[in-house]
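S.K.: Sharing a model prediction with you, sequence too.
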Protein chains: 2
Amino acid sequence: MAYELYYWDGIQGRGEFVRLALEDAGADYVDVTRAPGRGTGEMLKLMESATEAHVPFAPPFLRDGDQIISHVANILFYLGPRLGLAPDGEALRWFANGLQLTVTDFIAEVHDTHHPIATSKYYEDQKEEAKARAAEFVGNRMPKFLGYFDRVLGQNPDGGGHAVGNAVTYVDLSLFQVIEGLRYAFAKAMRHYERQYPKLMKLHASVKTRPNIAAYLASPRRLAFNEDGIFRRYPELDIEP
Amino acid sequence: MAYELYYWDGIQGRGEFVRLALEDAGADYVDVTRAPGRGTGEMLKLMESATEAHVPFAPPFLRDGDQIISHVANILFYLGPRLGLAPDGEALRWFANGLQLTVTDFIAEVHDTHHPIATSKYYEDQKEEAKARAAEFVGNRMPKFLGYFDRVLGQNPDGGGHAVGNAVTYVDLSLFQVIEGLRYAFAKAMRHYERQYPKLMKLHASVKTRPNIAAYLASPRRLAFNEDGIFRRYPELDIEP
């Protein structure tokens, strides 16, 4: 039975980290809110169910038969071994999950650059605060996170340019997406930082040419970045570090 | 061999969610930064190691022999079955992890009420923005999260007042801590919301009287909440919903 991915239509958002894993593995899946005859109503109905035992707080969530799994890192921890995208062995899987949760935190900080005060309000209503938060993000947080992941790549005893173990895992695919998004939203800062974190850039380039990823990126299933998603290009936030 | 917990000394912070599980289970553990002959230097040395393969991004992290596990939800996912605090069966464990990750998000939003612009700056330097963010948090986010967890308690087909399955899990202990913290930081809002989410309040009360938890709370190992932690009592942020 096909996996069912539930996420907001119209944006890459957090769902994209799951899509990249499903696409790379060539897995059979339905992107429910975008599928003919399905749609966002079905997702909302499940979230609002008064009887569902394992009701999720927010998208994305995945349905695999009777199992509903919410939160990106949880979904990828679950899917990893099933898709051949988890490292070998328990020990490395705990490390991979820790890395994915660091990606989660990084992404939450990206989101808060354009919504530092209230998710319920428009960006335009918190633009001044967003400029201040973006300055902190670009100046302090970006190099902290990017530097950490670059260091993890360098300290991997298996080498080979992977974050964990000796083969591509879902963590590598997520790091690819982080770099894609940062290049879109913080182009000026990335021009500066890319030279400093070459291992991460090399990983990005190698994921991009994986056949199933390349095919996905060229397909209509890959939506473009836009200003409703997590990574947004606002010229006033795209500042020099 | 004893578990080793690494977290900042002087605050409950994110480490407290791990401590509550270890304490409830009566597990043998060392709180490294507070232990005689150990200390924060040891934690920083590990974080700054240029050779450690599984270097963590930030505390808390746990060491169990050779295994280093970072992020609260990851640590609890790992410890749960070992401490007898995970639900029975795979299916419920994925749901528990999803709930714990929702607690993680809630806690991150609590933190950002006093640091909406920059973690690297003082609260006093972002007080006006903090007031705006706290208003959003108290008015919209608190009821959204509290309502969700209260609903999960009500929709648990096993009943019994637990978040997952038919016995206490680490998720219940974490929800106890969330309520403790919110009562400290947002006392006015909690007086308002407690009547609306009675299942959550009942869970809090029942966790508080568990023998090992009660003993821990009365011990010097339980630090008081303070204004260096995640839950902070600032009168100007403790607003009516």
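M.R.: In hand now; what should we look at? The shown structure was predicted, so the numbers you read here are calculated from the model rather than taken from an experiment. Residues are numbered from 1 along each chain as shown, chains lettered A, B, ... in the order given.

S.K.: which helices and strands does the longest helix belonging to chain A pack with?
M.R.: Ordering each helix of chain A by length in residues (DSSP state H) puts helix A:90-114 first. In terms of contacts (3 or more C-beta pairs under 8 Å, 6 or more residues apart in numbering or on different chains; DSSP states H and E), helix A:90-114 is packed against helix A:72-83, helix A:127-136, helix A:142-155, helix A:170-185, strand B:67-70, helix B:72-83, helix B:90-114. Backbone N, C-alpha and C define where each C-beta goes, glycine included.

S.K.: Please spell out which residues along that helix are buried.
M.R.: A:91-114 (16 or more other C-beta atoms under 10 Å in any protein chain shown).

S.K.: ditto for stretch A:192-205
M.R.: Result for stretch A:192-205 [16+ other C-beta under 10 Å]: buried residues A:193, A:194, A:197, A:199, A:200, A:201, A:203, A:204.

S.K.: burial measure for the residue lying closest to the last one once chain neighbours are set aside, as a count.
M.R.: Put plainly, it is residue A:204. Once flanking residues are discounted, residue A:204 sits nearest to residue A:179: 4.2 Å by C-beta to C-beta, 6 or more residues apart in numbering or on different chains. As a burial measure, residue A:179 scores 23 neighbours (other C-beta atoms under 10 Å in any protein chain shown).

S.K.: How much space separates residue A:179 from chain B?
M.R.: 17 Å (C-beta to the nearest C-beta, to the nearest Å).

S.K.: can you pull the pLDDT of that residue?
M.R.: The per-residue pLDDT reported for residue A:179 equals 98.

S.K.: Same question for the one 3 residues further on.
M.R.: Looking at residue A:182, its pLDDT stands at 98.

S.K.: still on that earlier bit, of the buried residues of stretch A:192-205, which belong to strands?
M.R.: Counting by DSSP state E, no part of those is found in strands.

S.K.: which one among those gets closest to residue B:81?
M.R.: residue A:203 (32.9 Å; C-beta to C-beta).

S.K.: wait, the closest one sits on residue A:173?
M.R.: No - using C-beta atoms under 8 Å, residue A:203 is not in contact with residue A:173; the gap is 9.8 Å.

S.K.: Could you point out which of the helices and strands packed on helix A:90-114 sits nearest residue A:59?
M.R.: Using C-beta to C-beta, the nearest of the helices and strands packed on helix A:90-114 to residue A:59 is helix A:72-83, at 10.0 Å.

S.K.: Now do that closest one against helix A:170-185: the angle between them, please.
M.R.: Calculated by axes from the mean of the first three to the mean of the last three C-alpha atoms, to 10 degrees, helix A:72-83 forms an angle of 130 degrees with helix A:170-185.

S.K.: buried ones in helix A:72-83?
M.R.: Buried residues in helix A:72-83, counted by 16+ other C-beta under 10 Å: A:72, A:73, A:74, A:75, A:76, A:77, A:78, A:79, A:80, A:83.

S.K.: if we look at chain B, which of these are close to it?
M.R.: A:73, A:74, A:77, A:78 (C-beta under 8 Å from any C-beta of the partner chain).

S.K.: neighbours around residue A:143, how many?
M.R.: Residue A:143: 17 neighbours (other C-beta under 10 Å).

S.K.: and it, what is it in contact with?
M.R.: A:193, A:196, A:241 (C-beta atoms under 8 Å, 6 or more residues apart in numbering or on different chains).

S.K.: Out of those, which one has the lowest pLDDT?
M.R.: Scoring those by pLDDT puts residue A:241 last, at 92.

S.K.: what about that one, neighbour count?
M.R.: If we define neighbours as other C-beta under 10 Å, then residue A:241 has 16 of them.

S.K.: Which helix or which strand is home to it?
M.R.: Counting by DSSP states H and E, no helix or strand carries residue A:241.

S.K.: give me every residue that touches it.
M.R.: Taking C-beta under 8 Å, 6+ apart as the test, what residue A:241 contacts is A:138, A:139, A:142, A:143, A:188, A:189, A:192, A:193.

S.K.: From chain B, how far off is the fourth one?
M.R.: Taking C-beta to the nearest C-beta as the measure, residue A:143 and chain B are separated by 12 Å.

S.K.: Can you tell me the SS state at the closest residue to residue A:88 other than its chain neighbours?
M.R.: Once flanking residues are discounted, residue A:88 sits nearest to residue A:165: 6.1 Å by C-beta to C-beta, 6+ apart. Secondary structure state of residue A:165, per DSSP: H, G, I helix; E, B strand; the rest coil, is coil.

S.K.: Residue A:165 and residue A:87 touch, don't they?
M.R.: Yes - contact criterion C-beta under 8 Å: residue A:165 and residue A:87 qualify, at 3.5 Å.

S.K.: Could you list the low-pLDDT ranges of chain A?
M.R.: The model of chain A has no residue with pLDDT under 70.

S.K.: Would you mind measuring from the residue of chain A most remote from its centre to residue A:33?
M.R.: Largest separation from the mean C-alpha position in chain A: residue A:51, at 30.2 Å (C-alpha atoms, centre = their mean). Look at residue A:51 and residue A:33: by C-beta to C-beta, to the nearest Å, they are 22 Å apart.

S.K.: repeat for residue A:76
M.R.: Taking C-beta to C-beta as the measure, residue A:76 and residue A:33 are separated by 19 Å.

S.K.: okay, the buried residues of stretch A:192-205 in TSV with distance to residue A:122 next?
M.R.: Output for these, formatted as TSV (distance: C-beta to C-beta, whole Å):
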residue	distance to residue A:122
A:193	29
A:194	32
A:197	33
A:199	38
A:200	33
A:201	34
A:203	36
A:204	32
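
S.K.: what's the farthest-apart pair in those?
M.R.: A:193 and A:203 (14.3 Å).
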